[in-house]
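Student: here are the coordinates; sequence isn't available:
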């Protein structure tokens, strides 16, 4: 990259980092927080530097403010959400030993440890790597966790083919730098070595010297089950399924979708939310190389001056989809046909008991807001530990922050149900669809970007909405609710039936205010619109009563809430709210 090209500070940091090393190894020897340059670099290693915002204003014995108490979030990269019992149990142990005694299932099918202290970072990362998982590229300006429908269906080839493809894409787009191994996995003698001394770069054929301009997200879905929200991704592969000569369903190719993205900055009009656009059709043998070509085009033409507009959606917006397709074909080495006339039709949360198709069962367990913990009579962490220790089954993580227990022998079903009941864990029939299809980002107290609550607020909002929906006789309707503590959109709040986005922090102990979005859908195929802005947290449920009443009285047969709001539009909904 030419010195004449204006670059953001982060681009300069990455280029001078010796392939993401910087001074991380040296700084790990001290308890103080990482410097600003290193704070950017550690994200590529799967780690965020944070502080506990609940205690920022706490006082020392002498009356002075304690200030920021630095802690760390450690994220595991789990392609397709596939986790063995050993790996799951190791995460439960690590959250007890080095984190805040909770484990979080992310909205991208990964795990997060929260509250890790700096002197425990290296031990925690080693512990994760001992299970053959990694935190490398779970965050940062690289391809992040590749998502895929996690259902362990075995009665055809489709799910196995998708999950194998997710693994192949993740492996191919993984950074090649050896910095991660040298910094986090060396022995004690290695800790005292400056890993940048005598630096010899390895080849990074996909990422080059400065990696990507911004984060990059990829996912694979089925038309009948968009459980990973393919339209919100930078890159999506929508599987096209046909029977072979023997009548067995299998994937014959994929529609390629590009340019989705959920983050925006309200104060910057140049930023926007986007759903992905259909680019082309590819055969299974072309997927990995086409993914590489798309990443390389973004590497070479993405904005490296302004990180606010550095995602793929802005590259496509600025140059046009036709230009982008031509560039992808140039990098791929051949032309690509247009997409097939197939699109998303439905979504499944995979909660409850299901047949796998091979004589075994799988069970989807709802983890509200993704937080695996023991609290009161609900002891999810202990319950999962007991089941996994006893049966040792493979597990999967979903994009709706649930856990799937796989390969269950039917004769063990009754005992597992008893274990769930003993730990207060509800099954599918004990939960409303509203709760099952709700997700939230962590927000307070750990996320430094958060404006308002999300994870800690959503359960009580769902409680209130369940009461209102019961009054209307629609408690059984499927309505998706996504909540985030800021507009960055980590819980994908701009595409569900109801989106709640933190807008304004509370003052003097007051709760925050939110922008309420309506008109998306559970399938995640369109953007919602702003229904009301700056709604106090305590008023969210009451604000939604009028559109729910309107929906109950005037919906079409079989019409979902988001579809109704989309059909009626903002003006009509506002008219019925007065």
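Tutor: Yep, it's here. Everything quoted here is computed from the prediction, not taken from an experiment. Numbering: from 1, shown residues only.
Student: From here on, just use CA atoms for contacts and neighbour counts.
Tutor: Noted.
Student: OK, contacts around residue 273?
Tutor: 260-264, 494 (Cα atoms under 8 Å, 6 or more residues apart in numbering).
Student: And residue 296, by the same measure?
Tutor: Applying Cα under 8 Å, 6+ apart, we find residue 296 in contact with 206-207, 331.
Student: That one sits in which helix or strand?
Tutor: Applying DSSP states H and E as the criterion places residue 296 in helix 287-301.
Student: Grab the nearest non-local neighbour of residue 442.
Tutor: Computed as Cα to Cα, 6 or more residues apart in numbering, the closest residue to residue 442 that is not its neighbour in sequence is residue 455, at 5.2 Å.
Student: contacting residues for the one you found?
Tutor: The contact partners of residue 455, by Cα under 8 Å, 6+ apart, come to 369, 439-444, 483-484.
Student: now swap in residue 504 and tell me
Tutor: Contacts of residue 504 were listed using Cα under 8 Å, 6+ apart, and they are 451-452, 512-514, 534.
Student: now swap in residue 340 and tell me
Tutor: 255, 280-281.
Student: Mind checking which of those are in strands?
Tutor: Among these, the residues falling in strands (DSSP state E) are 255, 280-281.
Student: Residue 392 is in contact with residue 85, isn't it?
Tutor: Yes. Between residue 392 and residue 85 there is a contact under Cα atoms under 8 Å: 5.2 Å.
Student: Where does residue 242 sit: helix, strand or coil?
Tutor: Following DSSP: H, G, I helix; E, B strand; the rest coil, we place residue 242 in the strand state.
Student: Okay, and the beta partners of it?
Tutor: residue 250 (DSSP bridges).
Student: hang on, it packs against residue 158?
Tutor: No. Contact criterion Cα under 8 Å: residue 242 and residue 158 do not qualify, at 9.6 Å.
Student: For those two, list the residues in contact with both.
Tutor: Jointly contacting residue 242 and residue 158 under the rule Cα under 8 Å, 6+ apart are 249-251.
Student: could you dump the residues you listed to JSON lines with pLDDT and neighbour count?
Tutor: Below are the shared contacts of residue 242 and residue 158 laid out as JSON lines (pLDDT from 0 to 100; neighbours: other Cα atoms under 10 Å):
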{"residue": "249", "pLDDT": "92", "neighbour count": "15"}
{"residue": "250", "pLDDT": "94", "neighbour count": "19"}
{"residue": "251", "pLDDT": "97", "neighbour count": "20"}
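Student: thinking again about what came up before, and the next helix or strand after the helix holding residue 296, which residues are buried?
Tutor: Once helix 287-301 ends, the next helix or strand along the chain (criterion: DSSP H and E) is helix 312-319. Within helix 312-319, the residues that count as buried by 16 or more other Cα atoms under 10 Å are 312-316.
Student: likewise stretch 447-463?
Tutor: 447, 450-459, 461-462.
Student: possible to save the buried residues of helix 312-319 as JSON lines with distance to residue 382?
Tutor: As requested, the buried residues of helix 312-319 are exported to JSON lines (distance: Cα to Cα, whole Å):
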{"residue": "312", "distance to residue 382": "41"}
{"residue": "313", "distance to residue 382": "42"}
{"residue": "314", "distance to residue 382": "45"}
{"residue": "315", "distance to residue 382": "46"}
{"residue": "316", "distance to residue 382": "47"}
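Student: Present the residues you listed as a markdown table; the columns should include pLDDT and distance to residue 301.
Tutor: As requested, these are exported to a markdown table (pLDDT from 0 to 100; distance: Cα to Cα, whole Å):
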| residue | pLDDT | distance to residue 301 |
| --- | --- | --- |
| 312 | 98 | 9 |
| 313 | 98 | 12 |
| 314 | 98 | 10 |
| 315 | 98 | 7 |
| 316 | 98 | 10 |
